[in-house]
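Peer 1: Here is a sequence together with a model predicted from it:
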Amino acid sequence: MVTRTIYSKELSSLFSGLFLFAISMAMGCSTASSPPIQLHAFVEAPAAPKHAPRSIPPATSQPTDPNFDWKGEIGDILTSPTGLNAALNIPDQVYTVTVPRPDILLQIEGMSVPTAAGIASTFHFYRCTCGKMSLLGEFIVIDYEANDVIDALRAGAIIRITGVSPIAIGDQPRLLSVRFHGEGEASPLAKLVKEAMRWTGEQRMKPAKKIE
């Protein structure tokens, strides 16, 4: 016990001495001949930019042939018994087709929602910088229509489905948004959209045409 107590006192004295020595060295109060230790904060200065920031021009579509017949290539194909609204944004050369769904009597939490509140499918056609016609679109469908619409859009292997999600909570009937993107020629894209439209609303109830 005596030996252990002596060793403990010696170790305590040794650690105390080392601690005081370290503090004195850090503060430059050492009696040794070596110069005091200087503590520096190693903070790297931000590097100067190699190049001036570039201004990014607004996105625009590829210039379209002024003789391109938007209505003939797209609008006339996307005819709908519920009517449609087609308009060309001349500065951006984007042809937008909106097809309302008046057949859907939507209610959210028991309250009626008018068709003009966005119960419509929308398709945007524009010329990609790669030279192809691009299509960004959204179908508003009743939940049981979704699978058939998706299958019809993907049939040509030029349209990809980018998202499927509900448009509201507590809605009756249950509506889904089917978003997609396609690239190709204008008429084939429009025909795929037309075939997908056949699986919605009143057209869905009509018998399919016989293939001769």
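Peer 2: On my side now, so go ahead. Computed from a predicted model, the values in this text were never measured in an experiment.
Peer 1: show me where pLDDT drops low in this protein?
Peer 2: Applying pLDDT under 70 to the chain flags residues 1-66, 81-82, 206-212.
Peer 1: In it, what residue spans correspond to helices?
Peer 2: Ranges of helices in the chain, per DSSP state H, are 2-26, 70, 146-154, 186-197.
Peer 1: Just confirm Phe125 contacts Asn89, I think it does.
Peer 2: No. Applying C-beta atoms under 8 Å as the test, Phe125 and Asn89 come out as separate, 10.6 Å apart. C-beta here means a position set from N, CA and C on the backbone, and glycine is covered the same way.
Peer 1: Mind listing the shared neighbours of these two?
Peer 2: Any residue near both Phe125 and Asn89 by C-beta atoms under 8 Å, 6 or more residues apart in numbering counts here, and that gives Tyr95, Thr96.
Peer 1: more crowded one of these two?
Peer 2: Just comparing Phe125 and Asn89: by other C-beta atoms under 10 Å the higher neighbour count belongs to Phe125, 28 against 12.
Peer 1: which residue packs closest to that one, ignoring adjacent ones?
Peer 2: Spatial nearest neighbour of Phe125, excluding adjacent residues (C-beta to C-beta, 6 or more residues apart in numbering): Tyr95 at 4.4 Å.
Peer 1: Let me see the contact set for that neighbour.
Peer 2: Contact analysis of Tyr95 by C-beta under 8 Å, 6+ apart lists Trp70, Ile74, Gly75, Ala86, Ala87, Leu88, Asn89, His124, Phe125, Tyr126.
Peer 1: Swap in 7 Å and give it another go.
Peer 2: With contact set as C-beta atoms under 7 Å, 6 or more residues apart in numbering, Tyr95 has these partners: Trp70, Ile74, Ala86, Leu88, Phe125.
Peer 1: what's the burial count for the fourth one?
Peer 2: By other C-beta under 10 Å, the residues close to Leu88 number 16.
Peer 1: what do you get for the first one?
Peer 2: For Trp70, the count of nearby residues is 18 (other C-beta under 10 Å).
Peer 1: wait, what's in contact with it?
Peer 2: Going by C-beta under 7 Å, 6+ apart, Trp70 touches Leu88, Tyr95.
Peer 1: which residue ranges form the strands in this structure?
Peer 2: Using DSSP state E, the strands of the chain run over 85-89, 94-100, 107-108, 111-112, 120-127, 133-142, 159-166, 171-172, 175-184.
Peer 1: can you put the ones you listed in TSV and add distance to Arg204?
Peer 2: Formatted as TSV, the strands of the chain follow (distance: least, C-beta to C-beta, whole Å):
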stretch	distance to Arg204
strand 85-89	22
strand 94-100	14
strand 107-108	21
strand 111-112	23
strand 120-127	14
strand 133-142	9
strand 159-166	18
strand 171-172	19
strand 175-184	15
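Peer 1: So which of those is nearest Ala196?
Peer 2: strand 133-142 (6.6 Å; C-beta to C-beta).
Peer 1: Which secondary structure elements does that closest one sit against?
Peer 2: With contacts taken as 3 or more C-beta pairs under 7 Å, 6 or more residues apart in numbering; DSSP states H and E, strand 133-142 sits against strand 120-127, strand 175-184, helix 186-197.
Peer 1: do you know how far Ile90 is from Ile167?
Peer 2: Per C-beta to C-beta, to the nearest Å, Ile90 is found 30 Å from Ile167.
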